[in-house]
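Novice: Generate coordinates for the sequence data below:
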Amino acid sequence: MKCPFCGHTEDRVVDSRVGREGEFIRRRRECLKCHRRYTTYEYIEDVLPHVVKRDGRREPFDRQKLRGSILKSCEKRSIAIQAVDNVVADIEAKLHERAEKEISSHELGDMVMENLQRLDQVAYVRFASVYRQFKDIAQFMDEVKGLLKDDKPKPAPAPKPRAPAGRLAR
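Specialist: Sure thing, here's the model as predicted:
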């Protein structure tokens, strides 16, 4: 491992610990030249699909790109970073379950929208405006109306008949 301080390539492992349910190994290392310590993490290499773009190009799935686009749609909203990371983790888990070599950008966008709709409606509409490439305000309004229609409260059940005052119902 190359020392981040002096660039020397020889080190020794001082401590190793398994992290978060065995998902990674955290190692403390000490450079044999400058004797400074640093931390490295070992992860199992993810076998995630390539994303097929609208124009047919294929590019590797990029977790940071996905996270960045979700963060952008959540800007200036009171949404915890952990909630965004949970959305990204949920999407990655679904991609692992599918175990496919490719996913269309359309399907990936739908996964994001499904998660954002549950997380925050404003973030959902922001993401939708870019993802669906609204041409005008009418398309934007249609999306908002659909969101409002899906979010309408269910009507309260009709009240049960009550006995007139002063009399007991039998």
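
Novice: Could you chop this protein up by domain?
Specialist: 11-43, 50-149 (automatic domain parsing).

Novice: Mean neighbour count, those: which tops it?
Specialist: domain 50-149 (a mean of 14; mean count of other Cβ atoms under 10 Å). In short, each C-beta sits where N, CA and C put it, glycine included.

Novice: Over to that domain now: how far is its first residue from its last?
Specialist: 35 Å (Cα to Cα, to the nearest Å).

Novice: if we can go back for a sec, dump the domains of the chain into a markdown table; add mean pLDDT and distance to residue 2 as well.
Specialist: Putting those into a markdown table (pLDDT from 0 to 100; distance: least, Cβ to Cβ, whole Å) gives the following:
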| stretch | mean pLDDT | distance to residue 2 |
| --- | --- | --- |
| domain 11-43 | 94 | 9 |
| domain 50-149 | 88 | 22 |
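
Novice: What is the three-state secondary structure of residue 128?
Specialist: Following DSSP: H, G, I helix; E, B strand; the rest coil, residue 128 is assigned to helix.

Novice: and it, what is it in contact with?
Specialist: 113, 134, 143 (Cβ atoms under 8 Å, 6 or more residues apart in numbering).

Novice: Give the full set of residues in contact with residue 25.
Specialist: 16-19, 41-42.

Novice: From the residues you listed, which land in strands?
Specialist: 16-19, 41-42 (DSSP state E).

Novice: Closest one of the contacts of residue 128 to residue 75?
Specialist: Closest approach between those and residue 75, by Cβ to Cβ: residue 113, at 16.9 Å.

Novice: residues in contact with the closest one?
Specialist: Neighbouring residues of residue 113 by Cβ under 8 Å, 6+ apart: 124, 127-128, 131.

Novice: Going by secondary structure, it is in what exactly?
Specialist: Element membership for residue 113 (DSSP states H and E) is helix 105-119.

Novice: any idea where the strands of the chain begin and end?
Specialist: Counting by DSSP E, the strands of the chain are 11-19, 24-31, 37-43, 50-52, 58-60, 102-104.
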